[in-house]
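Chemist: Sequence and predicted structure below; questions after.
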Amino acid sequence: MQSTGANESGRNGFLVTLDGPSGVGKTTCSQHLRNILLQVGFPATCTTQPSASPIGALARSGTHTFHGLALSCLVAADRYHHIATVIEPELKAGRVVVCDRYVPSAFVLDRLDGVPREFIADLYRYARPADLAVFLFADPEVCLRRAQTRGVYSRFHHDGLAAAERESTLFTEAAEQTRASGTPTLIHHVADTDSDTVAATLAQQITALIPSRPPTAHRGES
Ligand SMILES: Nc1ncnc2c1ncn2[C@@H]1O[C@H](COP(=O)(O)OP(=O)(O)OP(=O)(O)O)[C@@H](O)[C@H]1O
Ligand SMILES: Cc1cn([C@H]2C[C@H](O)[C@@H](COP(=O)(O)O)O2)c(=O)[nH]c1=O
C-alpha cells in the first residue's frame, strides 16, 4: 500500500475537502472516493462536517432552532473540535482524509443566514487549509431535485429554485476565493454523470496530486 504519511517518512497525510450546493452529491461522492482510494492503495478515510461529535449533532439537527451568528459559532466550534480530534490525527497517521463539507460551506451557508463575510473570515482564521479543495457543481434544478428526492431535513436545504440558484452563485464565489487564497482547488461540473464515474474521475485527479512516500531505507542503508 502506498502511504502519504508521517509515520516513517515524517510527512503528513493529505486533506481533500468537498464542497458544493445541497444535493449536488458530496456525501455520495466522498464515500465512493474513499473506497476507490483504498482500492488503488492509498490509506483513506472519509468524514463529514458538521461532525458526528455532540457539538456537530447539535448543529446538524438544530438549524431550525439556531440562527445567524449563533449557528455560525456553533458550526465553527464543531469544526475546530473535528479538526483537532479527527482530521489532524488521521493526517498524522498518514491517511488521505476526504471531508464532506469544510470551511467554504460556511462562506455560503452562514452568508445565506445573514452573517457578514468578515465575521466568517475571522472565525476560520486558524483553520487548517485543505491540501486540495474540490467543488462540485450541477445545474440548480438538478441539485434541487436530488435534494428533494433524498429528503430535506435542514433549513438550508432548498425551498425553491431561486434559493438553489443563490446557493450555487455563492459556491462559485467561495471556490474563486479558495483558489485566490492559494489553496489548490479543483472545480468539477457533475452534469448528468453517475456518482461512480464522478468519484472515479476525481480520484484520478486527486491521486496525481498526492505526494507519494519515498521508499523507506532499510536499517543500515545509507
Ligand atoms: N451523480 C449522481 N447522479 C444521480 N444522483 C446522484 C448523484 N450523486 C448523488 N445522487 C443522489 O442525489 C441525492 C443527494 O446526494 P447527496 O446526499 O450525496 O448530496 P449532498 O451534496 O451531500 O447533499 P446535502 O448537502 O444536501 O447533504 C441522493 O439521493 C444521491 O443518491
Ligand atoms: C458545514 C455547515 C453546515 N451547516 C448546517 C447546514 C446543514 O443543515 C447541515 C449540513 O448538512 P448536509 O447534510 O451536509 O446538508 O449543517 C451550517 O449551518 N454551516 C456550515 O458551515
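Modeler: Good, I have the coordinates. Residues are numbered from 1 along each chain as shown. Ligands and ions are numbered 1, 2, ... in the order given.
Chemist: right, quick check: stretch 49-61 against ligand 2, any contact?
Modeler: Yes. Part of stretch 49-61 sits near ligand 2 under the criterion C-beta under 6 Å from any ligand atom, namely 49-50, 59-60. C-beta: built from backbone N, CA, C; applies to glycine.
Chemist: Next: stretch 30-47.
Modeler: No. On the criterion C-beta under 6 Å from any ligand atom, stretch 30-47 is out of touch with ligand 2, staying 10.3 Å away.
Chemist: and that stretch, which residues are buried?
Modeler: By 16 or more other C-beta atoms under 10 Å, the buried positions in stretch 30-47 come out as 30-34, 36-37, 42-47.
Chemist: likewise stretch 168-188?
Modeler: 168, 170-172, 174-175, 178, 183, 185-188.
Chemist: Leaving out chain neighbours, which residue sits closest to the residue of the chain found nearest ligand 1?
Modeler: The chain approaches ligand 1 most closely through residue 25 (2.8 Å), counting by C-beta to the nearest ligand atom. With sequence-adjacent residues excluded and distances taken as C-beta to C-beta, 6 or more residues apart in numbering, residue 25 is closest to residue 195, at 5.6 Å.
Chemist: Just give me the neighbour total for the one you found.
Modeler: 15 (other C-beta atoms under 10 Å).
Chemist: so what's it scoring on pLDDT?
Modeler: pLDDT recorded at residue 195 is 94.
Chemist: Renumber starting at 46 from here on
Modeler: Got it, the first residue is 46 from now on, which makes the last one we talked about residue 240.
Chemist: Look up how far residue 110 lies from it.
Modeler: The gap separating residue 240 from residue 110 is 32 Å, by C-beta to C-beta, to the nearest Å.
Chemist: Then residue 119?
Modeler: Going from residue 119 to residue 110 by C-beta to C-beta gives 10 Å.
Chemist: between those two, who's got more neighbours?
Modeler: More crowded of residue 119 and residue 110, by other C-beta under 10 Å: residue 119, with 19 against 11.
Chemist: Are we agreed that the more buried one is in a helix?
Modeler: Yes. Under DSSP: H, G, I helix; E, B strand; the rest coil, residue 119 sits within a helix.
Chemist: burial measure for the closest residue to it other than its chain neighbours, as a count.
Modeler: Sequence neighbours aside, residue 104 is the residue nearest to residue 119 in space, at 4.8 Å (criterion: C-beta to C-beta, 6+ apart). For residue 104, the neighbour count with other C-beta under 10 Å is 24.
Chemist: any chance you could map the helices in the chain?
Modeler: Secondary structure of the chain (DSSP state H): helices at 51-54, 71-84, 99-106, 113-127, 133-137, 148-157, 162-168, 185-195, 206-225, 240-254.
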